[in-house]
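[1] build me a model from this:
(one chain, ligands or ions: 2)
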Amino acid sequence: MGLNQVKLEDQAHGSIAKYTQLKRDDIRVWQDRFIQQCNPGSTTMNKEQFCKFYQELRPTENVKRLSENIFRAFDLNGDHGVTFSEFLMAYVSTTEAPLEDKLRYAFNVYDIDRNCSIDRAEILLILRAMFQLLGMSDDKARKYSYDQCADTIMKNLDVNEDQRISKEEFIQGLIRDPFLQSLMNPFQHV
Ligand SMILES: [Ca+2]
Ligand SMILES: [Ca+2]
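    Ligands and ions are numbered 1, 2, ... in the order given. As a prediction, the model looks like this:
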């Protein structure tokens, strides 16, 4: 590794440490583990690599269907790759950080087209994966009915009734409503 690269890595680790409160040694351990899964010479994961890695990190969860959406949520700059910094900051935010931080990432999971709001179609798509994550049998899922569920969610979260849920509406709404939170927050069950 060249001197410049070392310098860059040091800077990156500095900001990760500040954000996550992790010790530099721990960050290095995470980095080694992360890089092993990337293509040789790369420090960025593609979707396939990420999904495999994430499922290994959360083996008890049925995250398979959701992991592609979690990839998108973690890929903050939207370049279809998750860098080590993006990964570790997101992973710590969704496992150890306060609820509000988890919900910020949860919002990204639902905002499939990245237009900073969630519509009913996006809710329906993610709900199916959430029900699977929650281990609900088809029967139980049918009882709740996705459509009914989406209606309840829109009614409770879309405060200004513009048929879209903003990030603020999403976060405040789920903090207010523990039932919806348990149904909708993919990071609650870690
Ligand atoms: Ca990215
Ligand atoms: Ca959207």
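[2] after the helix or strand of the chain with the lowest mean pLDDT, which helix or strand is next?
    One helix or strand of the chain scores below all others by mean pLDDT, DSSP states H and E: helix 138-144, with a mean of 70. Counting by DSSP states H and E, the next helix or strand C-terminal to helix 138-144 is helix 146-157.
[3] residues making contact with that next one?
    120, 123-124, 127-128, 131, 163, 165, 169-170, 173-174, 177, 180, 183-184 (Cβ atoms under 8 Å, 6 or more residues apart in numbering). All C-beta spots, glycine's among them, are computed from the backbone N, C-alpha and C.
[4] I'd say Lys23 and Ala17 touch.
    Yes - between Lys23 and Ala17 there is a contact under Cβ atoms under 8 Å: 7.2 Å.
[5] which one's more surrounded, the two?
    Set Lys23 next to Ala17 and count neighbours by other Cβ atoms under 10 Å: Ala17 wins out with 15 against 10.
[6] so the more buried one sits right up against Asp25, yeah?
    No - Ala17 lies out of contact with Asp25 (Cβ under 8 Å); the separation is 10.2 Å.
[7] low pLDDT regions in the protein?
    Within the chain, the stretches with pLDDT under 70 are 1-3, 5-6, 60-61, 138, 140-141, 143, 189-190.
[8] can you map out the helices along it?
    Remark: helices assigned in the chain by DSSP state H are 3-20, 24-35, 47-57, 64-74, 84-95, 99-110, 120-133, 138-144, 146-157, 167-176, 178-184.
[9] in TSV, list those helices along with distance to Gly41.
    Listed next are the helices of the chain as TSV, based on distance: least, Cβ to Cβ, whole Å:
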stretch	distance to Gly41
helix 3-20	11
helix 24-35	10
helix 47-57	14
helix 64-74	21
helix 84-95	14
helix 99-110	28
helix 120-133	33
helix 138-144	44
helix 146-157	43
helix 167-176	36
helix 178-184	39
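[10] now for those helices, which one comes closest to ligand 2?
    Comparison of the helices of the chain against ligand 2 by Cβ to the ion identifies helix 120-133 as nearest, at 5.2 Å.
[11] tell me what angle that closest one forms with helix 146-157.
    The directions of helix 120-133 and helix 146-157 differ by 110 degrees, with axes from the mean of the first three to the mean of the last three Cα atoms, to 10 degrees as the criterion.
[12] in helix 120-133, what's buried?
    Arg120, Glu122, Ile123, Ile126, Leu127, Ala129, Met130, Phe131, Gln132, Leu133 (16 or more other Cβ atoms under 10 Å).
[13] hmm, who's touching that helix?
    61-66, 69, 109-113, 141, 144, 146-147, 149-150, 153-154, 163, 165, 183-184, 186, 189.
[14] filter these down to just the buried residues.
    Burial by neighbour count, 16+ other Cβ under 10 Å: within these this picks out 61, 63, 66, 69, 109-112, 141, 149-150, 153-154, 165, 183-184, 186.
[15] can you list the residues that contact stretch 17-37?
    With Cβ under 8 Å, 6+ apart, stretch 17-37 has contacts from His13, Ile16, Thr43, Met45, Gln49, Lys52, Phe53, Phe84, Phe87, Leu88, Met89, Val92.
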